[in-house]
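Visitor: Show me how the following folds:
(one chain, ligands or ions: 1)
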Amino acid sequence: MTTIPDYDIARPATCPLDPAPAMRARQEEGPLTRVRLWDGSTPWLVTGHAEHRAVLGSSKVSVSPFNGIPRLSPAEAAAMEGMAKQENAGGIGFIMMDDPEHARLRRMVTSAFTIKRVEAMRPETQKVADDLIDAMLAGPKPADLVEAFALPLPSLVISNLLGVPYDDHDFFQSNSKVIINRTSTPEQRGQAQRNLGQYLDGLIGEKLTNPGDDLLSGLVERVNSGELTRPEAAQMGVLMLFAGHETTANMITLGTLALLQNPDQLALLRDSDDPKLITSAVEELLRYLTITHGGLRRVAMEDIEIAGQVIKAGEGIVVVNETANRDPAAFPDPDRLDLTRDARRHVTFGFGVHQCLGQPLARMELQVAYLALLRRIPTLALAADVEQIPFKHDGFVYGAYELPVTW
Ligand code: HEM
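Guide: This is a model prediction of the structure:
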């Protein structure tokens, strides 16, 4: 009898920007294998690119905790049990719901994230980036890029879009951190979710009497017209606030690190006058870094045949973004950072009906952020050895807690 290997996403200090060796080993065994989780369950592990898209594109999978998706940590299991008991119904919103409920809610906010709407936010985002860089350059050296630039930029942008006061950023950033940390206890995570829920509910209450020109006020109109309940609106606010800053912040941080580690690629991007290069550079950095690591979870609702195997109805599935993005069948020489390659088929934003709602916004923010940093600070350099950087091995989203830089 073959033993099923344990689920292990630890990235070694020697190559912190590459997928975990254990995940690569699974990928070498085949695109669809089994893995053992902390609770003894043995879901399917999908590591190939084509198979990743086949699973997430299938209408036969569910993302709902009510249907038994795999749970990657005890804290997550407890949170899902709470949801199943209706203690915290819906958790963090439609990201964990199936159609038609998911589509009903998602449809209410898609128009805020169209390319046209996002492009209209570019000048303001550029100003935010320039102001943050001015402040960093006026301060002491070395500086922490996370605190000075990578975290405030997307936090400011999403606060403005939603109509959340940026002055509350310490509160919403610290609660988001607890939700996203794998080592948070169930109590800590539940409390953080409740804190954010109550906070958003309070803002919605204010906008009921005093609406503004923002996304939350748009949701309030739907509450007034009976299309949406107030708790649903609060939950959607939590999801967008939470998903809208932590992810992009980690991409800005790790993308800057990856460029500093690849000076030829950095120089190419900084000195190019081809406007298309920044577009392909952002796609390649998203592919190469895969900050959404560790696996998206699904459960089969019907038998699904993939890569010559049958995933039976009821079986859990963990779909691994970081190995799909380094699959040589999809991306030749996948471990090389090549800003000129066509990386658009990467799966860092997921795939299928739950594919990231905020991706046009994230792309625009990253394009602005990298170019502003490289062009305004051409001498930008790391102020620590890579081994000293505190990486977020404990998070659902990979990143770094700090990135000391100088110039
Ligand atoms: C680089 C930045 C980002 C990355 C890598 C990222 C990644 C992802 C991934 C992988 C998913 C799919 C999860 C699944 O299938 O289970 C997702 C969904 C989502 N993301 Fe993002 N995201 C980013 C930025 C944003 C931003 C700026 C927002 C702004 C609101 C956002 C909002 C959402 C929402 C609302 C969903 C749920 C979509 C659904 O379930 O239909 N994300 N994101």
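
Visitor: In contact with the closest residue to P165 other than its chain neighbours, which residues?
Guide: Leaving aside its sequence neighbours, P165 sits nearest to S159 (C-beta to C-beta, 6 or more residues apart in numbering; 6.9 Å). For every residue, glycine as well, the C-beta is placed using N, CA and C. With contact taken as C-beta atoms under 8 Å, 6 or more residues apart in numbering, S159 is in contact with P165, Y166, H169, L241.

Visitor: Pull out the buried residues from those residues.
Guide: Buried by 16 or more other C-beta atoms under 10 Å: H169, L241, out of the contacts of S159.

Visitor: Show me which residues of the stretch 301-407 of the chain sit near the ligand.
Guide: Applying C-beta under 6 Å from any ligand atom, we find that the stretch 301-407 of the chain lies next to the ligand at T348, F349, G350, H354, C356, L357, G358, L361, A362.

Visitor: Point out the residues in this structure that sit beside the ligand.
Guide: 63, 94-95, 102, 106, 239-240, 243-244, 247-248, 251, 291-292, 296, 348-350, 354, 356-358, 361-362.

Visitor: that older thread, tell me how far the helix or strand containing the residue nearest to P165 lies from the chain's centre.
Guide: Here S159 sits within helix 152-162, counting by DSSP states H and E. Mean-position distance between helix 152-162 and its chain equals 15 Å (C-alpha atoms, centre = their mean, to the nearest Å).

Visitor: and what of stretch 282-293?
Guide: 10 Å.

Visitor: ok, now stretch 192-206?
Guide: On C-alpha atoms, centre = their mean, the centre of stretch 192-206 falls 22 Å from that of its chain.

Visitor: Any chance you could list what contacts it?
Guide: Contacts for stretch 192-206 (C-beta under 8 Å, 6+ apart): 79, 88, 91-92, 163-164, 168, 171-172, 175-176, 178-179, 184, 216, 219-220, 223, 230-231, 233-235, 237-238, 241-242.

Visitor: could you redo the last one with a cut-off of 6 Å?
Guide: N175, V178, I179, V220, A233, A234, G237, V238 (C-beta atoms under 6 Å, 6 or more residues apart in numbering).

Visitor: which one is the residue of the stretch 51-200 of the chain at minimum distance from the ligand nearest to, not counting chain neighbours?
Guide: Proximity of the stretch 51-200 of the chain to the ligand (C-beta to the nearest ligand atom) peaks at I95, 3.9 Å away. In space, I95 comes closest to L239 once its chain neighbours are excluded; the distance is 5.9 Å by C-beta to C-beta, 6+ apart.

Visitor: Tell me, how many residues neighbour that neighbour?
Guide: When counting by other C-beta atoms under 10 Å, one arrives at 23 neighbours for L239.

Visitor: so, if you compare the contacts of stretch 192-206, which one comes nearest to P390?
Guide: Closest approach between those and P390, by C-beta to C-beta: V178, at 17.0 Å.

Visitor: Report the next helix or strand after the host helix or strand of that closest one in sequence order.
Guide: Element membership of V178 [criterion: DSSP H and E] is helix 169-180. Per DSSP H and E, the first helix or strand lying C-terminal to helix 169-180 is helix 186-209.

Visitor: Return the distance of that following helix from the chain's centre.
Guide: Distance, centroid of helix 186-209 to centroid of chain: 21 Å (C-alpha atoms, centre = their mean).

Visitor: same question, stretch 277-286
Guide: The answer for stretch 277-286 is 16 Å, by C-alpha atoms, centre = their mean.

Visitor: next one: stretch 125-136
Guide: 23 Å.

Visitor: Which strands and helices lie in contact with the worst-scoring helix or strand of the chain on mean pLDDT?
Guide: Every helix and strand in the chain was compared by mean pLDDT, DSSP states H and E; the lowest is helix 74-84, with a mean of 72. Where contact means 3 or more C-beta pairs under 6 Å, 6 or more residues apart in numbering; DSSP states H and E, helix 74-84 is packed against helix 186-209.

Visitor: what about 10 Å?
Guide: Under the contact definition 3 or more C-beta pairs under 10 Å, 6 or more residues apart in numbering; DSSP states H and E, helix 74-84 sits against helix 169-180, helix 186-209.
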